[in-house]
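*Asks:* Show me how the following folds:
(chains A and B)
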Amino acid sequence: GAVVSQHPSWVICKSGTSVKIECRSLDFQATTMFWYRQFPKQSLMLMATSNEGSKATYEQGVEKDKFLINHASLTLSTLTVTSAHPEDSSFYICSARAPPGQGVPFTNEQFFGPGTRLTVL
Amino acid sequence: ELKVEQNPLFLSMQEGKNYTIYCNYSTTSDRLYWYRQDPGKSLESLFVLLSNGAVKQEGRLMASLDTKARLSTLHITAAVHDLSATYFCAVQTSGSRLTFGEGTQLTVNP
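*Replies:* Predicted coordinates:
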């Protein structure tokens, strides 16, 4: 249980184009999803917190107009990198939080997706 | 602002040896996690530590938590090559927010 998927697993795009990444909780409903970015040899940095049916909360320094987040259902959140540039190349990882009553071992634990490798040329 | 610091950041050790990775954090926390990350992969959950004095063990890895000292340790016993990976601790605070340490890159040499 508590499986999170991401699609695509990798994407290469040209500078200036937009890229959408999907994050799905497959066997539980996630009222909250998180988006992280990880540059090579670095730790994970939280970009934004996504709550179903409401606007995402962005971390300081993250441009909300560049990284559009939509959490339209209890099992799907999307991150759109708009007008991508080479400096946006990174490993993007989502996680989904399991609220009480979802049958997972630890309430409020985050379950991580497999990540999406974005390369902007 | 919560700070999470891991020590060491790089660790090269021989098979069969023991070592400990330390994770210090700056404010009170709901719980602490340890994760493993292999190159090019996402995070694999290792341990969830919920309370002061918590100790968990899985195979050659053992994690402990001292909330008064704001310190968690990940102890490696008789290391094997398969343990080579990057290990992260992460502290959870209100709203389920996770703050990660810098990561410890472990290399176990034959």
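*Asks:* Residue A:64 belongs to a strand?
*Replies:* No - if the criterion is DSSP: H, G, I helix; E, B strand; the rest coil, then residue A:64 is coil and not within a strand.
*Asks:* Give me the distance between the residue lying farthest from the centre of chain A and residue A:29.
*Replies:* Residue farthest from the centre of chain A, counting by CA atoms, centre = their mean, is residue A:101 at 23.2 Å. If you measure residue A:101 against residue A:29 using CB to CB, to the nearest Å, the figure is 10 Å. Backbone N, C-alpha and C define where each C-beta goes, glycine included.
*Asks:* quick one: what helix or strand has residue B:39 in it?
*Replies:* Assigned by DSSP states H and E, residue B:39 falls within no helix or strand.
*Asks:* Same question for residue B:107.
*Replies:* strand B:104-109.
*Asks:* before we move on, what about residue A:36?
*Replies:* strand A:32-38.
*Asks:* packing partners for that strand?
*Replies:* strand A:19-25, strand A:45-51, strand A:67-73, strand A:76-81, strand A:90-97 (3 or more CB pairs under 8 Å, 6 or more residues apart in numbering or on different chains; DSSP states H and E).
*Asks:* how close does residue B:70 sit to chain A?
*Replies:* Residue B:70 sits at a distance of 18 Å from chain A (criterion: CB to the nearest CB, to the nearest Å).
*Asks:* Identify the residues contacting that residue.
*Replies:* By CB atoms under 8 Å, 6 or more residues apart in numbering or on different chains, the contact list for residue B:70 reads B:24, B:25, B:26, B:27, B:28, B:29.
*Asks:* Quick check: the two most widely separated of these?
*Replies:* Greatest spacing in the contacts of residue B:70, by CB to CB: B:24 and B:28 (13.2 Å).
*Asks:* neighbour-wise, which of these two wins?
*Replies:* Using other CB atoms under 10 Å in any protein chain shown as the criterion, residue B:24 and residue B:28 rank with residue B:24 on top: 16 against 10.
*Asks:* Quick check: that one touching residue B:2?
*Replies:* No - taking contacts as CB atoms under 8 Å, residue B:24 lies outside contact range of residue B:2: 11.3 Å.
*Asks:* How about stretch B:79-88 and chain A, touching?
*Replies:* Yes - against chain A, stretch B:79-88 shows contacts by CB under 8 Å from any CB of the partner chain at residue B:88.
*Asks:* residues in contact with that stretch?
*Replies:* Against stretch B:79-88 from outside (CB under 8 Å, 6+ apart): A:43-44, B:6, B:13-19, B:21, B:34-38, B:43, B:46, B:60-61, B:74, B:76, B:100-101, B:103-110.
*Asks:* now with 6 Å?
*Replies:* By CB atoms under 6 Å, 6 or more residues apart in numbering or on different chains, the residues outside stretch B:79-88 that reach it are B:13, B:15, B:17, B:21, B:35-38, B:100-101, B:103-108.
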